[in-house]
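Undergrad: task: produce atomic coordinates for the following.
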Amino acid sequence: MLDLDSPLWINIPASSGMNSALTVKLLRQAGAGDDSVYPELYHQVCHQFTVGAVAYLAVPHLVDIVHGIDVRRWVWPLTIVGTVAAARATYPQSDLQIPEALRAEYLAANLDAMRLTAEALGHSSWQPSDSQELLATLAALHGHTNLAMLLFLHGGVTKLSCPMCGEYIEYMESQ
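TA: Numbers count the residues shown, from 1 in each chain. Predicted structure coming up:
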């Protein structure tokens with residue numbers, strides 16, 4: 001894993017088109033327990049489902065962060081990992097190929113994230129939107145890209161409609 005102090009980060013573009021200096025700062029903050037940085041970190045790594053080169057370095061850090069935090073805080077970092085996997089498969093024409101030097105570590109982080117996501121789903125009392133993000137992440141990491149994108153794009157939606165008749169289907173927790 002590339003050390004966050006490495007000067008190499010400055011030469012790696014984020015998906016937002018800037019360099020990775022902000023990504024490093026956000027990864028540090030996330031690692032220190034600041035969950036408020038995840039929305040911006042998401043955009044640095046996978047802005048509008050466009051995977052930046054920084055994703056291949058950030059994903060192992062995100063999985064490492066998950067190992068050090070309570071399961072109730074796993075959703076955001078795992079969602080970023082899953083979104084990168086889904087975006088790479090959905091938009092291969094805009095995907096930057098994984099540099100060979102990063103391939104093994106990136107793929108190992110994805111396997112670990114798959115296991116962690118399945119473990120997270122085994123815990124009860126998730127909010128529906130969190131369950132949906134975790135299911136999307138698991139689908140993406142298993143290669144079920146269309147299902148993952150459907151779930152990611154409907155994130156937080158608790159009222160779905162039947163594609164045949166239009167009747168609303170409401171997501172409700174069982175008692």
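Undergrad: per-residue confidence averaged over stretch 56-70?
TA: For stretch 56-70, the mean pLDDT works out to 97.
Undergrad: try stretch 31-49
TA: Mean pLDDT, stretch 31-49: 93.
Undergrad: centre of the chain to that stretch, how far?
TA: 9 Å (Cα atoms, centre = their mean, to the nearest Å).
Undergrad: same question for stretch 116-130.
TA: 15 Å.
Undergrad: span of that stretch from start to end?
TA: This stretch, stretch 116-130, spans 14 Å end to end (Cα to Cα, to the nearest Å).
Undergrad: and if you look at stretch 28-41?
TA: Start-to-end span of stretch 28-41 (Cα to Cα) is 11 Å.
Undergrad: mind listing what's buried along that stretch?
TA: 29, 30, 31, 37, 38, 41 (16 or more other Cβ atoms under 10 Å). Bear in mind the C-beta positions are built from the backbone N, C-alpha and C, glycine included.
Undergrad: do the same with stretch 38-55
TA: 38, 41-46, 49-55.
Undergrad: what residue is smack in the middle of the protein?
TA: In the chain, the centroid-proximal residue (Cα atoms, centre = their mean) is residue 80; its distance is 1.6 Å.
Undergrad: not counting residues beside it along the chain, what's closest to that residue?
TA: residue 42 (5.2 Å; Cβ to Cβ, 6 or more residues apart in numbering).
Undergrad: ok, and that neighbour, which helix or strand is that part of?
TA: helix 38-46 (DSSP states H and E).
Undergrad: circling back: surely the residue nearest to residue 80 is in contact with residue 83?
TA: Yes - between residue 42 and residue 83 there is a contact under Cβ atoms under 8 Å: 7.0 Å.
Undergrad: re the thing from before, make a markdown table from the buried residues of stretch 28-41 and add distance to residue 120 to it.
TA: Shown next, in a markdown table, are the buried residues of stretch 28-41 (distance: Cβ to Cβ, whole Å):
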| residue | distance to residue 120 |
| --- | --- |
| 29 | 22 |
| 30 | 17 |
| 31 | 19 |
| 37 | 20 |
| 38 | 15 |
| 41 | 19 |
